[in-house]
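**Q** Task: produce atomic coordinates for the following.
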Amino acid sequence: TGAVGGLFTGSGGVPKVPQGALEVGWAGAAGDRQNDRKNHGRPWQALCLWSSEVVAAFAEQGHPVVPGGAGENISTVGIPWDRAVPGTALQIGGVRAVISSYALPCKTTAANFLDGHFDLMHHRHGPVSRVYATVLEPGRVEVGDPLVLEPDG
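**A** Numbering: from 1, shown residues only. Model (predicted):
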C-alpha cells in the first residue's frame, strides 16, 4: 500500500498540470487529452502512472524531470515500483484498474533528461518506466488517497 502523490492532466503533450482530484472514467481522467491518439489514449492506456521515487532518483542524477513532466496522470508514493508490472490490479482511491503495459519512452519527454536521453526511462533499464492502466471501475481519485497494488487481483 502506498498513496497518490500527485494527479495531472493536460490539453495535449507534456508537461501535464497538477490537479487536486480527478474524475476517472473508462477512457481515463476527465479533462485529459493526448495529441497523438495513434500512440496514446487508447482504452488500455486510460491512465499513466509513474513512481515519485523513480522521478526523485532521476532528479538526484541531475535530470530536470518533475512529477507530471513525462505525461503521467498519477504519481505514486511508497509503492515498490519493481512490482508495478503488467497484470497487477490497482485500487487508486475510488478507481479500480489493472496495469496493462509499460509506457514506452517518447521523444516528447526529452526535456526531462540530460542531453535529451529520454530512453533512460525504458523498462529494459529496470523498474524505471511509467506504466499504463486500464480502468475496470471508474471513480474519483484525490491526492493522498491510498494506492494499493494487488498482484493476485
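**Q** What pLDDT is listed against Val77?
**A** At Val77, the predicted lDDT confidence score is 98.
**Q** now this structure, which segments are flagged as low pLDDT?
**A** 34-42, 151-153 (pLDDT under 70).
**Q** The same query, at a cut-off of 50, please.
**A** Per-residue confidence of the chain (counting by pLDDT under 50) places the weak regions at 153.
**Q** Which stretches in it count as helices?
**A** Using DSSP state H, the helices assigned to the chain run over residues 52-60.
**Q** Which residue ranges of it form strands?
**A** Assigned by DSSP state E, the strands in the chain fall at 2-9, 17-19, 21-25, 28-29, 47-51, 74-77, 89-92, 95-103, 130-137, 139-142, 146-150.
**Q** from the chain's centre, how far out does the fifth one sit?
**A** For strand 47-51, the distance between its averaged C-alpha position and the chain's averaged C-alpha position is 1 Å (CA atoms, centre = their mean, to the nearest Å).
**Q** For Gly116, list the residues it contacts.
**A** For Gly116, the residues meeting the contact criterion (CB atoms under 8 Å, 6 or more residues apart in numbering) are 107, 110. C-betas here are computed from N, CA, C, even on glycine.
**Q** can you rerun that using 7 Å?
**A** With contacts taken as CB atoms under 7 Å, 6 or more residues apart in numbering, Gly116 has the following neighbours: Ala110.
**Q** gap between it and Leu147?
**A** 31 Å (CB to CB, to the nearest Å).
**Q** wait, which of the strands of the chain is closest to Arg124?
**A** Distances from Arg124 to each of the strands of the chain were compared using CB to CB; the shortest belongs to strand 95-103, at 9.3 Å.
**Q** what angle sits between the closest one and strand 2-9?
**A** Using axes from the mean of the first three to the mean of the last three CA atoms, to 10 degrees, the direction of strand 95-103 lies 70 degrees away from that of strand 2-9.
**Q** just checking, what packs against strand 95-103?
**A** Contact analysis of strand 95-103 by 3 or more CB pairs under 7 Å, 6 or more residues apart in numbering; DSSP states H and E lists strand 89-92, strand 130-137 as its packing neighbours.
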